[in-house]
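> would you be able to build a 3D model of this:
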Amino acid sequence: MLSIRNFYEYQEPYAEIGFTNNNCLSSYYSSNMTETDCKFVQEFLESIGVSALNTRVIKLNDTFYQILVCSYNSGGKVYTYKDVKFSIIYGDFSSFMYKLVQNLKQAKEFAANDTQKEMLDHYIRHFITGDVNAHKDAQRSWIKDKGPIIETNIGFIEVYLDPMRVRAEYEGFVSIVDKEQSAKLNLLVERAEGIISNLPWPKEFEKEKFSKPDFTSLNVLAFACSGTPIGINLPNYDDIVQNEGFKNVDLGNCYPKPKAEYIQFVKPEDVELIAKYGNDALFVIVALHELLGHGTGKLFKKNKDGKFNFDTNLKHPLTGEPITKWYEDHETWGSKFGKLSSFYEECRADSVALYLSCFKESLEILLPGLESAWDDIVYAAWLEVVLGAVRGLIYYSTETNQFGQSHIGAAYAILQVLLEAGNDFVKVEEGTKDGKPYVYLTMDRKQIHTTGKKAMGEFLRVSEVLFNVIFVETSNIQVHC
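Alright, predicted model coming up:
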């Protein structure tokens, strides 16, 4: 049997995570699998209704693939699809799942309520059987568990490390709720519908009723993952988010502490401002990004019964023509747009955050008592996003012309939008620092509420149509990402 290579490889020709035919590496797939192979495997899994989230794939030859499912239970089944055999084998990482299941069973004794016990039962079933539907049930219970003192989530969650964006890494966190910051976020939830009305797209492109999620600020005790985030919007199952709800989490003690000596690519006066207001600016961006960036918008879908969840007489806002494309019942944003989806979703969320930071209603909720500093904090927030594009160039591959990290790719797209906005609103200037060549990013803060807001509004209007309605082939999407 062909072995699956190590996660990291620093020797040539491998330099980044991706498909081996692009001189990249991924431990989700055996080293002889190409992008074409991966797409064919995904086509098969979708044909039998099996999720790829907790799987790895080994290609034995051109007519035989093994799909390894992470679970405690062992077993398997062989399928034939288009004259190719697929063996689905359960029990991958079985010894780890055994320990996990035993600990989850013990955790039930300390559950605060029946909803948490129900959630743990679903988790246990998921890790024993490998059935992703059981994990979805656990997430349904999780979003119903409102305002816990101890907050957790666990499973195969984020797909950032899979070049196909369908296989997830295992992660889990345990945290304690910060009640003071959470009170602000809960108020943002309560007033969300009024703030959503400021978004620059037709109301028909928004859900009929905003599902008010639990939104808390947490102090993380432990987070098992490849990179700790500062904010989370879960679950990542589109059907649950669209129809049942979601939760938002601000990970307050995971914010980097801005120190002047480490702040790069801005003029000295901006260094002082970011050092002073960096965490307040991040709080604004994270709150708006998670709740209203990820939590708004409606996928136009045709359900199993043939009914549409939108008015079919609605005209396409960009073309004025009837809407002729939509998501089928089995399709999601991620499955339809593949590796573009996470870049696009993060870009959309950050764009919403910047746009809504220009409205007084947002700042009244998130920055009470700091009214005299609002302008400085909003400026720091806009700078933080576009600076992410410059700092994140280390994640860009000149060989594949791609960013290896979705949030950085999103920031780069936003930077391009603001550079193209004109009026010298944002500029990248060459200069020197300590006698050496240097690059400075400058922003005319007086234009944030004019040039900047207008540019982000138009960008969002076009982006939201792409998000809701499939009206072009994915290969034709060119929106700076």
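> when you work out contacts or count neighbours from here on, use the C-alpha atoms and nothing else.
Will do.
> would you mind listing the buried residues in whichever strand or helix holds Phe173?
Per DSSP states H and E, Phe173 falls inside strand 170-178. Within strand 170-178, the residues that qualify as buried are Tyr170, Glu171, Phe173, Val174, Ser175, Ile176, Val177, Asp178, counting by 16 or more other C-alpha atoms under 10 Å.
> can you pull the contacts of the residue nearest to the third one when sequence neighbours are not counted?
Using C-alpha to C-alpha, 6 or more residues apart in numbering and skipping the chain neighbours, the partner closest in space to Phe173 is Phe223 (4.2 Å). Neighbour list for Phe223: Glu171, Gly172, Phe173, Val174 [criterion: C-alpha atoms under 8 Å, 6 or more residues apart in numbering].
> quick check: phi and psi at Phe223.
Backbone torsions for Phe223, taken as degrees, to the nearest 10, come to phi -140, psi 110.
> over to Ser463?
Dihedral angles (degrees, to the nearest 10) for Ser463: phi -60, psi -40.
> local confidence estimate at it?
Note on Ser463: pLDDT of 76.
> Three-state assignment for His289, please.
helix (DSSP: H, G, I helix; E, B strand; the rest coil).
> re earlier: beyond the strand holding Phe173, next helix or strand please.
For strand 170-178, the succeeding helix or strand toward the C-terminus, using DSSP H and E, is helix 179-190.
> surely Trp374 meets Leu363?
Yes - between Trp374 and Leu363 there is a contact at 7.3 Å, judged by C-alpha atoms under 8 Å.
> pipe the buried residues of strand 170-178 into TSV and attach distance to Glu345 and pLDDT per row.
Listed next are these as TSV, based on distance: C-alpha to C-alpha, whole Å; pLDDT from 0 to 100:
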residue	distance to Glu345	pLDDT
Tyr170	21	95
Glu171	20	95
Phe173	23	95
Val174	26	95
Ser175	26	95
Ile176	28	95
Val177	27	92
Asp178	27	92
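> pipe those residues into TSV and attach distance to Phe343 per row.
Conversion of the buried residues of strand 170-178 to TSV gives the following (distance: C-alpha to C-alpha, whole Å):
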residue	distance to Phe343
Tyr170	20
Glu171	20
Phe173	24
Val174	27
Ser175	27
Ile176	30
Val177	29
Asp178	30
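> which of those residues sits closest to Lys336?
Taking C-alpha to C-alpha as the measure, Lys336 lies nearest Tyr170 of these, at 22.8 Å.
> distance of the nearest residue in space to Cys38 that is not next to it in sequence relative to Thr34?
Closest residue in space to Cys38, ignoring its immediate chain neighbours: Met164 at 7.4 Å, by C-alpha to C-alpha, 6+ apart. According to C-alpha to C-alpha, to the nearest Å, Met164 stands 11 Å off from Thr34.
> so between these two, which is more surrounded?
Per other C-alpha atoms under 10 Å, whichever of Met164 and Thr34 has more neighbours is Met164, with 21 against 16.
> hmm, the more buried one is touching Leu340, no?
No - checked against C-alpha under 8 Å, the pair Met164 and Leu340 is beyond contact range at 9.4 Å.
> quick revisit: now the contacts of Phe223 in CSV, with distance to Pro258?
Below are those laid out as CSV (distance: C-alpha to C-alpha, whole Å):
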residue, distance to Pro258
Glu171, 27
Gly172, 27
Phe173, 24
Val174, 25
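> could you list the low-confidence segments of the protein?
Residue ranges of the chain with pLDDT under 70: 1-15, 465-481.
> kindly recompute the last result at 80.
Along the chain, segments meeting pLDDT under 80 span 1-17, 20-24, 211, 242, 316-319, 330-340, 395, 397-402, 404, 463-481.
> what about the helices in it?
For the chain, the helices defined by DSSP state H cover 35-48, 94-107, 114-129, 132-144, 179-190, 192-196, 238-243, 268-288, 333-337, 339-356, 360-366, 374-391, 406-420, 453-468.
> what helices or strands is the last one leaning on?
Applying 3 or more C-alpha pairs under 8 Å, 6 or more residues apart in numbering; DSSP states H and E, one finds that helix 453-468 makes contact with helix 339-356, helix 406-420.
> reformat those as TSV; add distance to Asp83 and mean neighbour count.
Converted to TSV, the helices and strands packed on helix 453-468 look like this (distance: least, C-alpha to C-alpha, whole Å; neighbours: other C-alpha atoms under 10 Å):
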stretch	distance to Asp83	mean neighbour count
helix 339-356	27	23
helix 406-420	36	23
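> could those be laid out in CSV, adding distance to Trp326?
Formatted as CSV, these follow (distance: least, C-alpha to C-alpha, whole Å):
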stretch, distance to Trp326
helix 339-356, 16
helix 406-420, 24
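> nearest to Pro437, out of those helices?
Closest among those, once you apply C-alpha to C-alpha, is helix 406-420, at 21.5 Å.
> what angle separates that closest one from helix 453-468?
Angle, helix 406-420 to helix 453-468, by axes from the mean of the first three to the mean of the last three C-alpha atoms, to 10 degrees: 130 degrees.
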